[in-house]
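Peer 1: Build me a model from this:
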Amino acid sequence: MLGLPYDQVDWIALGFISIAAGPVLYVSLKKQANQLITTWYAISSLLLLAECTEMATRYFYAGWNGWLIHLADAAGMTLLTVPLLYFAIADLRNREDTERRLHDLAFHDQLTGLPNREKFQQSLETSIEAARLAGTQLAVLFINLDRFKNVNDTFGHAFGDRLLVEAAERLKN
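Peer 2: Numbers count the residues shown, from 1 in each chain. The predicted structure follows:
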């Protein structure tokens, strides 16, 4: 076709497909990782389009025999590609779950699940700004568990932890 052996043409085609499809696939995987089926169909369609284009070109130049050989190549490529895409998408989803978990740990107390000091500070600043813009007043309620240190010292830290969890549950409800 271009005066090059078929394996060189394959590598050139793979390079062009990677350059053209890489950014598109990255963006669609990043935005639609939660829509696994839609993403899988989009990727499969892109791969099928690339294979069909290559097969049509080779059929034009190599005849019916060349077309059958490349049809078998396309089937083999699909069988190899689909599991790899599955693992790539699964890895992306695991990364997003990990990021969500880290964000939650950064802004919430592990024991009680209540917002921590950093989250409280952010929420307070946001609320103050919203109240200022709306021209309304803002109230903040502070709760202190008196003599909590005595509870920890007398009954142990496990009991103190249970007390904190129970207080947090009552505050949530």
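Peer 1: Next, the contact list for the residue lying closest to Asp109 once chain neighbours are set aside, please.
Peer 2: Distances taken as C-beta to C-beta, 6 or more residues apart in numbering put Asn116 closest to Asp109, at 5.2 Å, once the chain neighbours are dropped. C-betas here are computed from N, CA, C, even on glycine. By C-beta atoms under 8 Å, 6 or more residues apart in numbering, the residues touching Asn116 are Phe107, His108, Asp109.
Peer 1: which residues touch the second one?
Peer 2: His108 makes contact with Leu114, Pro115, Asn116, Lys119, according to C-beta under 8 Å, 6+ apart.
Peer 1: For the second one, name its beta-bridge partners.
Peer 2: Yep, that's Pro115 we're talking about. Beta-bridge partners of Pro115, counted by DSSP bridges, are His108.
Peer 1: Distance of it relative to Ile128?
Peer 2: Pro115 sits 16 Å away from Ile128, going by C-beta to C-beta, to the nearest Å.
Peer 1: what's the answer for the first one, then?
Peer 2: With the distance defined as C-beta to C-beta, Leu114 ends up 20 Å from Ile128.
Peer 1: Neighbour count for those two, which is higher?
Peer 2: Leu114 (16 against 12; other C-beta atoms under 10 Å).
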